[in-house]
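Asks: Build me a structure from this.
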Amino acid sequence: MNTSNRLKSRIITMHLSIAILCFYGISFCQNTASDCFEIKYLDFFGLDKIERHEWTEDELDELIASDNTESQNRTNFLIPFIVWQLKEFHPNCNKSPNRTKFDKFVKLYFKIRMQNNSNVRDQNIEEQLALIRDDFYTQLNDDKLLPYMRYTMDDGPLYGEIPKVIPKSKSPQSVETNFGKIILIKTSNRVFLLAKDTQNKIIWSRIMTGANPTRYLRNLNFVPNSVEVTSLSTIIHLQTSERLKLYLRPDGKFIYYAHSW
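Replies: Numbers count the residues shown, from 1 in each chain. Coordinates of the predicted model:
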């Protein structure tokens, strides 16, 4: 099992444990975030709802030593977890931060980013954290990079096919959003999704395909309470025989979708 899969398995186990504790009403489901050093957009990754799971120095050493050259995006899903952990090293959050462990987190962060961190080694913790936070925000604004930063076992990112013509329908499905609405139109062999703004202008449209881009999805429906709003993205939940999640910017701009297997 490669490093990425091992870490995904480890995180799955952690999340399952937390879900069980939350089910029984134990305090792990409480939001423990503080404003000692603000990190925005953690709610998009679900990190605002779970107790922090501290990585050991041995785990950090294993990750730093791992081969990450196969694919640039192989372990980008770890970036939000690293930034979340680094927050607690800020002197406003921790009066006696472990500098050795902090340096290992920073080294791992820049390893995943495939960047040299030699220019930040002489900076103090506050300066390094400010730089990493700004870099983190830059990644979140990158539509091509963002899909690889959200932890998931689903197929994706998927982008569908841009239609030349959008068919008319007497009974389309639709859901209201902050930016307008999402409309779903079915034909005999295709499913079309489109977003409209509050002025009824089309923002984007797609023919929905599966993980195999030549396979068109033929059955797709909104689920109850299908619109989830986070600080970074509006997420639309749909259902085929499996789950499908559509990720949009707050203004309705299409980013990607992911299809459960």
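
Asks: max-length strand in the chain?
Replies: Looking across the chain with DSSP state E, the single longest strand is strand 221-229.

Asks: So in that sheet, which strands flank that strand, and in what orientation?
Replies: Strand 221-229 has its sheet partners listed here by DSSP bridges as strand 234-239 (antiparallel).

Asks: returning to that earlier point: what's next to the longest strand of the chain, contact-wise?
Replies: The contact list for strand 221-229 (CB atoms under 8 Å, 6 or more residues apart in numbering) reads 173, 175-178, 182, 184, 234-239, 250. In this view, the C-beta of every residue, glycine as well, is placed from N, C-alpha and C.

Asks: change it to 7 Å
Replies: Under the criterion CB atoms under 7 Å, 6 or more residues apart in numbering, residues 173, 175, 177, 178, 184, 234, 235, 236, 237, 238, 239 lie in contact with strand 221-229.

Asks: next one: stretch 178-197
Replies: 163, 166-167, 169, 172-175, 198, 202-208, 216-218, 220, 222, 229, 234, 236, 248, 250-252, 254.

Asks: ChimeraX command for the buried members of those?
Replies: Written as a ChimeraX command, the selection of buried residues from these, which uses 16 or more other CB atoms under 10 Å, is:
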select :173,175,203,205,206,207,208,216,217,220,222,234,236,248,252,254
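
Asks: Point me to the residue sitting closest to the centre of this protein.
Replies: Geometric centre of the chain, nearest residue: residue 150, 2.4 Å, by CA atoms, centre = their mean.

Asks: Does that one fall in a helix, a strand, or a coil region?
Replies: When classified by DSSP: H, G, I helix; E, B strand; the rest coil, residue 150 comes out as coil.

Asks: Residue 123 too?
Replies: Classified using three-state DSSP, residue 123 is coil.

Asks: tell me which element the closest residue to it other than its chain neighbours falls in.
Replies: Nearest residue to residue 123 in three dimensions, chain neighbours excluded: residue 131, at 7.3 Å (CB to CB, 6 or more residues apart in numbering). Element membership for residue 131, per DSSP states H and E: helix 125-140.

Asks: Which neighbouring elements make contact with that helix?
Replies: Using 3 or more CB pairs under 7 Å, 6 or more residues apart in numbering; DSSP states H and E as the contact test, the elements touching helix 125-140 are helix 79-86, helix 99-112.

Asks: which parts of the last one are buried?
Replies: What it means is helix 99-112. 101, 102, 103, 104, 105, 106, 108, 109, 110, 111, 112.

Asks: Rounded mean pLDDT for it, please.
Replies: Average pLDDT, helix 99-112: 92.

Asks: just for this protein, where's the confidence low?
Replies: Low-confidence segments of the chain, defined by pLDDT under 70: 1-34, 67-74.

Asks: give me the element the residue located most distally from the centre of it is part of.
Replies: Residue farthest from the centre of the chain, counting by CA atoms, centre = their mean, is residue 170 at 35.4 Å. Using DSSP H and E, residue 170 is not contained in any helix or strand.

Asks: Make 360 the starting number, not 1.
Replies: Yes, from this point I'll number from 360; that puts the last item at residue 529.

Asks: circling back: so which of the contacts of stretch 537-556 belong to strands?
Replies: Short answer: the contacts of stretch 537-556 in strands (DSSP E) are 532-534, 561-566, 581, 588, 593, 595, 607, 613.

Asks: closest to residue 405 among the residues you listed?
Replies: Set against residue 405, the nearest of the ones in strands among the contacts of stretch 537-556 by CB to CB is residue 588 (13.9 Å).

Asks: For the closest one, give its distance to residue 520.
Replies: According to CB to CB, to the nearest Å, residue 588 stands 27 Å off from residue 520.

Asks: Kindly report the same for residue 603.
Replies: Distance from residue 603 to residue 520, by CB to CB: 15 Å.

Asks: quick one, which of these two is more surrounded?
Replies: Neighbours per residue (other CB atoms under 10 Å) separate residue 603 from residue 520, with residue 603 holding more: 24 against 15.
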